[in-house]
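[1] Model the following, please.
(one chain, ligands or ions: 1)
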Amino acid sequence: MKTNSTPVFLVTGASGFVGSRICRHLAPRCTVVGTYSSHPCCLPGCSSIALDITDRRQVHEAIQEVRPTHIIHGAAISAPDTCENNPQAAWDINCTGTQNIIDAASAIGCRVVFISTDLVFDGRHGNYTENDPTNPINLYAKTKVEAEKLCLKNSLHSIVVRITLQYGLSKGFGASFCDVLIRKLSQGQEVSLFTDQIRTPTYVADTACGLEHAALHGSPGQIYHLAGPERISRYDFAAKLATIFNLPAHLLKPCCMDKTSQIAPRARDASLCGKQFTKRFHFSPRGIIDGLTSMTYENTATF
Ligand SMILES: NC(=O)c1ccc[n+]([C@@H]2O[C@H](COP(=O)([O-])OP(=O)(O)OC[C@H]3O[C@@H](n4cnc5c(N)ncnc54)[C@H](OP(=O)(O)O)[C@@H]3O)[C@@H](O)[C@H]2O)c1
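    All right, here's what the predicted structure looks like:
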């Protein structure tokens, strides 16, 4: 039951893949307002508002109106190639937009959890901890590192949570690489996947849960790594998905990063070590087989 002391969450980027999951996760226990920019969204148990985070006045007005106790800030240009092709928009949305959110949140003493990325690291060694130095190798990652600094400058209220490659079904909210994999394999199409890019994939439902822990119980000024327990390539991940979803694994074609033309350079091993998060919040995302199995139920559930 929601009462006067129920937390009020503002989730930016609620029309996206991760933001929509956060809203669905929080809705049963919290008051949730999700924001969208160009894709109006309707999420069960939540209200939604249009918000362009680059418009400082709009952001202040929205936050004054909603008066959230917590903000989970996920709105961003999240695709590295799109950032590379639209550098001004990438800086404006990922950095100026973040500054606008932080300033408006500070004015009402509201906590902000900023969603950052494993790609802040250069990927030379992997298994990165919160103490490792960042070294971004593409524009997307540079904007995220800058936005992290803006958040931590305001350490009275802000927390940074770096998340990793997200898997799950998008259900029409943003894009998930699993949607593409399942569709192509179901249609008998071959899919090329990197064998030499390592991440720590996380089931998006667990990310939503972890972000709630960080928002409610995290320490302002801290960086946390929220990551799945397995370091794995996209190719090996896809092989597991094919097995669990009973799809033809022979259509998966191994390839290497330097044999494909991507606009933004990608880190080779951006795997994160999530031990500190687990210790701090007594929570760890499930393993890949468990996550994929849960996805099969999602596939048929009304969600
Ligand atoms: N997905 C991953 O694997 C992954 C991995 C690491 C980190 N992350 C981080 O997690 C966050 C969410 O990622 P995602 O995959 O869910 O991204 P996404 O699906 O691309 O969603 C991006 C969201 O940002 C909103 N947005 C874009 N421009 C905006 C603006 N000017 N003002 C307000 N909102 C704006 C979009 O709204 P409209 O669609 O309505 O325009 C959308 O809701 C991002 O910060 C991303 O960097 C994601």
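
[2] Start from the N-terminal end of the stretch 151-300 of the chain and give the strands.
    158-163, 166-167, 191-194, 198-199, 202-203, 223-226, 232-233, 252-255 (DSSP state E, counting those that start in this stretch).

[3] Identify the bridge partners of residue 194.
    With DSSP bridges as the criterion, residue 194 is bridged to residue 255.

[4] Check it and give its pLDDT.
    Per-residue pLDDT puts residue 194 at 95.

[5] Could you count how many residues lie near it?
    22 (other Cβ atoms under 10 Å). Every residue, glycine included, has its C-beta placed from N, CA and C.

[6] Pull the contacting residues for it.
    233, 234, 235, 255, 256, 257, 260 (Cβ atoms under 8 Å, 6 or more residues apart in numbering).

[7] From the strands of the stretch 151-300 of the chain, pick the one with the highest average neighbour count.
    strand 202-203 (a mean of 26; mean count of other Cβ atoms under 10 Å).

[8] Sheet partners, orientation included, of that strand?
    Strand 202-203 has the following strand partners under DSSP bridges: strand 166-167 (parallel).

[9] contacts for the strand it pairs with?
    Taking Cβ under 8 Å, 6+ apart as the rule, strand 166-167 contacts 17-18, 176-178, 201-204, 207, 237, 241, 291-292, 295.

[10] sorry, back to before: out of the strands of the stretch 151-300 of the chain, which comes closest to residue 269?
    Smallest distance to residue 269 across those (Cβ to Cβ): 4.1 Å, for strand 198-199.

[11] and the closest one, how far from the chain's centre?
    Relative to its chain's centre, strand 198-199 lies at 15 Å (Cα atoms, centre = their mean, to the nearest Å).

[12] and it with the ligand, contact?
    No - Strand 198-199 stays clear of the ligand (Cβ under 6 Å from any ligand atom), getting no nearer than 8.6 Å.

[13] and that strand, average pLDDT?
    Mean predicted confidence for strand 198-199 is 98.

[14] for it, packing partners?
    strand 232-233 (3 or more Cβ pairs under 8 Å, 6 or more residues apart in numbering; DSSP states H and E).

[15] end to end, how far does stretch 257-268 reach?
    End-to-end distance of stretch 257-268 (Cα to Cα, to the nearest Å): 8 Å.

[16] Mind listing what's buried along it?
    Within stretch 257-268, the residues scored as buried using 16 or more other Cβ atoms under 10 Å are 264, 265, 266, 267, 268.

[17] Let me have these in TSV, extended by distance to the ligand and pLDDT.
    Formatted as TSV, these follow (distance: Cβ to the nearest ligand atom, whole Å; pLDDT from 0 to 100):
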residue	distance to the ligand	pLDDT
264	13	92
265	16	91
266	12	90
267	12	94
268	16	96
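
[18] Among those, which pair sits farthest apart?
    264 and 268 (13.6 Å).

[19] Closest residue of the stretch 1-150 of the chain to the ligand?
    residue 16 (2.1 Å; Cβ to the nearest ligand atom).

[20] how many neighbours does that residue have?
    24.

[21] ok, now how distant is the closest residue to it other than its chain neighbours from the ligand?
    Leaving out its chain neighbours, the residue that sits closest to residue 16 by Cβ to Cβ, 6 or more residues apart in numbering is residue 174, at 3.9 Å. According to Cβ to the nearest ligand atom, to the nearest Å, residue 174 and the ligand sit 2 Å apart.

[22] show me what contacts residue 174?
    Counting by Cβ under 8 Å, 6+ apart, residue 174 has contacts 15, 16, 17, 18, 19, 20, 78.

[23] With residue 77 instead?
    With contacts defined as Cβ under 8 Å, 6+ apart, residue 77 is in contact with 83, 86, 89, 90, 93, 94, 140, 143.

[24] how about it, secondary structure?
    Residue 77 falls in the coil class when you classify it by DSSP: H, G, I helix; E, B strand; the rest coil.

[25] Pop out the phi and psi values for it.
    The phi/psi pair for residue 77 (degrees, to the nearest 10) reads phi -90, psi 110.

[26] okay, it: pLDDT?
    As predicted, residue 77 sits at a pLDDT of 98.
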